[in-house]
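K.L.:
Prediction below, plus the sequence it came from.
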Amino acid sequence: MLVLLALAAAACGGGGGDDAPSASGGAGTSPAKQYKIKVGTLRQPHLYAPAFYGKFLPANVTMETVLFANSTEIKTAVVTGSLDFAVTGITAALEGAAQDEPFRVVASAADGASAIVAKANKGIRTVADLRGKKIGYVAGSAQDILLRLTLRDAGMDADKDVELVKVGFADMANALDRGDIDAFSGAETGPSDAITRGVGQLVVQPYDTKMKSINIVFGTSQATIDKDPELVRIMVEVHAKATDYMKDHPEEWADGVVKSYSFQPQALTLALKNIQLRWAIDAAYMDQARVPGEQLELLKQIKKQPDYKAFFNTDFVTPLMKAR
């Protein structure tokens, strides 16, 4: 179920700030083409970049931000043309690409934002202590893969040595508090919420596996790229500038998330320390994306590997990287 998002006045329309990409013609030139676009995202701090796009949108672009329940819905909306752009999870995008859906990653967005948390005061301090415990997870998510790889590296099989319990990200901290689960592999701000409430304690931020911390991407459809590459160029630049702005203004980022989603400030402050914002894509990043792809196939979430050359389109982000 999607809802329209009113994050902030700056996110809802064009007329960006001094650093906005130039899109209007000079004297004697034709007026710039007008765009009205939709961008999808989730209620999570590591997918908050669209809230700052308005600072950098050129005057000929107006934008509506749409909130979704999960990354799969976002990816589907992009592929079907309901959205023009999206900030979404890489595993959902990979699942679509493995079915030859024309979702294209044109920039990165954020890494990290994952943690394995156990119920406080239950003696679960290390990964080894998770053996035999009930662990909340979201099937096919980056956090699912990170959990399985972390357990495997500790000599355990996620399907045999622990009991996996399906729990939505938003309910993980409460499920832990109720005692429905002993631990969870979650996405922020769930882990930080559980920790700051005294409900949970950190077991590990699971980035030492071969998947590392790859997580969130910025994408569009092949149809949008074919129809209007200039719009894609504009939005990749807007996304990059918004991402850099968030890095440089963490207090404003935190403030916005708290006000938009009513998150607890203490939990949000902790969560931001577990998020690495990025927009650049290099060869190492694209190679790293093969790890979750391979794991999804092992989990039978996908039947074949995506065409990674088609999945990543770096034509728009590479010039920005070279210019900086």
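P.N.:
Looks like it arrived, so ask away.

K.L.:
Lowest mean pLDDT among the helices and strands of the protein, which one is it?
P.N.:
Of all helical and strand segments in the chain, the minimum by mean pLDDT, DSSP states H and E falls on strand 3-5, at a mean of 43.

K.L.:
The stretch 151-300 of the chain: helices as residue ranges?
P.N.:
Ranges of helices in the stretch 151-300 of the chain, per DSSP state H, counting those that start in this stretch, are 172-178, 190-196, 222-227, 229-248, 250-261, 265-272, 283-288, 290-298.

K.L.:
can you give me the strands in the stretch 101-250 of the chain?
P.N.:
103-112, 114-119, 134-137, 163-166, 183-187, 200-204, 214-221 (DSSP state E, counting those that start in this stretch).

K.L.:
Please identify which of these is closest to I275.
P.N.:
strand 103-112 (5.1 Å; CB to CB). Glycine gets a C-beta too; all of them are placed from N, C-alpha and C.

K.L.:
Just name the most buried of the strands of the stretch 101-250 of the chain.
P.N.:
Per-stretch averages of neighbours, counted by mean count of other CB atoms under 10 Å, single out strand 183-187 among these, with a mean of 31.

K.L.:
Now tell me what touches it from outside.
P.N.:
44, 46, 113-119, 124, 130, 133-137, 141-144, 146-147, 167, 169, 172-173, 175-176, 190-191, 194, 200, 203, 206 (CB atoms under 8 Å, 6 or more residues apart in numbering).

K.L.:
Sketch out the low-pLDDT regions of the stretch 151-300 of the chain for me.
P.N.:
By pLDDT under 70, the stretch 151-300 of the chain contains no weakly predicted segment.

K.L.:
This structure - how does it break down into domains?
P.N.:
Using automatic domain parsing, the domain parsing of the chain gives 3-112+213-323, 114-204.

K.L.:
contacting residues for D287?
P.N.:
Applying CB under 8 Å, 6+ apart, no residues contact D287.

K.L.:
So K38 belongs to a helix, correct?
P.N.:
No. Going by DSSP: H, G, I helix; E, B strand; the rest coil, the assignment for K38 is strand, not a helix.

K.L.:
Verify the stated contact: it with V61.
P.N.:
No. Between K38 and V61 there is no contact under CB atoms under 8 Å: 11.7 Å.

K.L.:
of those two, who's got more company?
P.N.:
V61 (26 against 17; other CB atoms under 10 Å).

K.L.:
I'd guessed that one sits against K33; true?
P.N.:
No. With contact defined as CB under 8 Å, V61 does not count as touching K33 (9.4 Å).

K.L.:
Kindly compare burial across the helices of the stretch 151-300 of the chain and name the winner.
P.N.:
helix 190-196 (a mean of 26).

K.L.:
ok so, going back, quick one, which of the strands of the stretch 101-250 of the chain is nearest to Q305?
P.N.:
Closest among these, using CB to CB: strand 103-112, at 15.0 Å.

K.L.:
So for that closest one, mean pLDDT?
P.N.:
What strand 103-112 shows for mean pLDDT is 98.

K.L.:
follow-up on the earlier one: which residues are in contact with each of K38 and V61?
P.N.:
Residues touching both K38 and V61 by CB under 8 Å, 6+ apart: none at all.

K.L.:
circling back to that earlier point, out of the helices of the stretch 151-300 of the chain, nearest to M321?
P.N.:
Evaluated with CB to CB, these place helix 229-248 nearest to M321, the distance being 9.0 Å.

K.L.:
Figure out which of the helices of the stretch 151-300 of the chain is closest to K160.
P.N.:
helix 290-298 (14.9 Å).

K.L.:
What angle do strand 214-221 and that closest one make with each other?
P.N.:
90 degrees (axes from the mean of the first three to the mean of the last three CA atoms, to 10 degrees).
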